[in-house]
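Participant: Pasted the sequence and its predicted model underneath.
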Amino acid sequence: MTRFLAAMMLAFATTAQAQALSDAEVSALLADVGPGDRAGLVMSKFNIYCTGYVLRILSPTAAVLDLARQARTERRPFTLADVPAEVKAGNWRVFVFPDTPRKIPDARFCFGSVTHAVIRSKDDKTVLQPLTKTPFDGSVGNALGATLAYTGLDLTFDGASVAALIGDPKKPQPFLISVGKSDFEVKDKHFRFLLRVVP
């Protein structure tokens with residue numbers, strides 16, 4: 001192994017580890033969960049015929065807050081020990097719900113199931129592919145028993161790569177999540193639901 005390659009691997013490992021949430025960061029988040037905290041971001045594009053794709057985006061910090069809020073709703077304790085290792089790993093999670101018809105006859109106007117999604121820079125120079133893609137059922141039906149089968153996706157993205165795309169968390173750079181031909185822009189106003197600068 002060349003020195004250059006070894007240095008590159010060390011740099012990548014250091015970057016990846018830096019994106020994982022430390023126990024101190026998680027504890028600081030749990031100590032700062034307010035009654036009205038909104039965990040993560042929901043984005044959608046819809047029309048009179050279809051729901052459009054709906055995205056639920058959880059950054060690493062939003063994922064912790066989401067679990068804490070759920071525990072509070074269920075009136076059960078939630079401490080550092082209750083935070084799963086996969087959440088502490090620091091990856092981003094994006095749920096993409098299918099574009100489904102509001103009325104079954106309007107299905108022809110909708111894109112339907114989700115097959116893939118990426119996170120990318122606005123200039124398209126950086127495109128992040130998902131680490132994992134897990135399908136889930138997004139079928140719809142009506143009162144008469146008719147059903148249309150659709151699939152959504154639960155995706156994870158490397159936290160270090162997303163952090164590099166965003167840059168300084170105090171001055172984050174907007175980015176896009178692309179689902180087929182639909183682009184969703186995560187703008188300045190959205191980052192307050194995704195980023196929490198902690199000690």
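Facilitator: Perfect, I can see it now.
Participant: which element is the residue nearest to residue 128 when sequence neighbours are not counted on?
Facilitator: Of all residues not flanking residue 128 in the chain, residue 119 sits nearest, at 4.3 Å (CB to CB, 6 or more residues apart in numbering). Bear in mind the C-beta positions are built from the backbone N, C-alpha and C, glycine included. Secondary structure assignment for residue 119, by DSSP states H and E: strand 118-120.
Participant: Kindly report the same for residue 93.
Facilitator: Under the assignment here (DSSP H and E), residue 93 is part of strand 92-97.
Participant: just checking, what packs against that strand?
Facilitator: Packing partners of strand 92-97 (3 or more CB pairs under 8 Å, 6 or more residues apart in numbering; DSSP states H and E): strand 54-58, strand 151-157.
Participant: most tightly surrounded among those strands?
Facilitator: With neighbours defined by mean count of other CB atoms under 10 Å, none of the helices and strands packed on strand 92-97 is more surrounded on average than strand 54-58, at a mean of 22.
Participant: which residues are in contact with the helix or strand that comes right after it?
Facilitator: Downstream of strand 54-58, the first helix or strand assigned by DSSP H and E is helix 60-73. The contact list for helix 60-73 (CB atoms under 8 Å, 6 or more residues apart in numbering) reads 19, 21, 25-26, 29-30, 33, 37, 39-41, 58, 77-78, 82-83, 87-93, 159, 193-196, 198.
Participant: tilt between helix 60-73 and strand 92-97?
Facilitator: Interaxial angle of helix 60-73 relative to strand 92-97 (axes from the mean of the first three to the mean of the last three CA atoms, to 10 degrees): 70 degrees.
Participant: For the helices and strands packed on strand 92-97, give me JSON lines that also has mean pLDDT and distance to residue 134.
Facilitator: Shown next, in JSON lines, are the helices and strands packed on strand 92-97 (pLDDT from 0 to 100; distance: least, CB to CB, whole Å):
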{"stretch": "strand 54-58", "mean pLDDT": "95", "distance to residue 134": "14"}
{"stretch": "strand 151-157", "mean pLDDT": "96", "distance to residue 134": "4"}
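Participant: Contacts only, for residue 95.
Facilitator: By CB under 8 Å, 6+ apart, residue 95 lies in contact with 55, 56, 57, 58, 136, 152, 153, 154, 155.
Participant: Thank you kindly, that will do.
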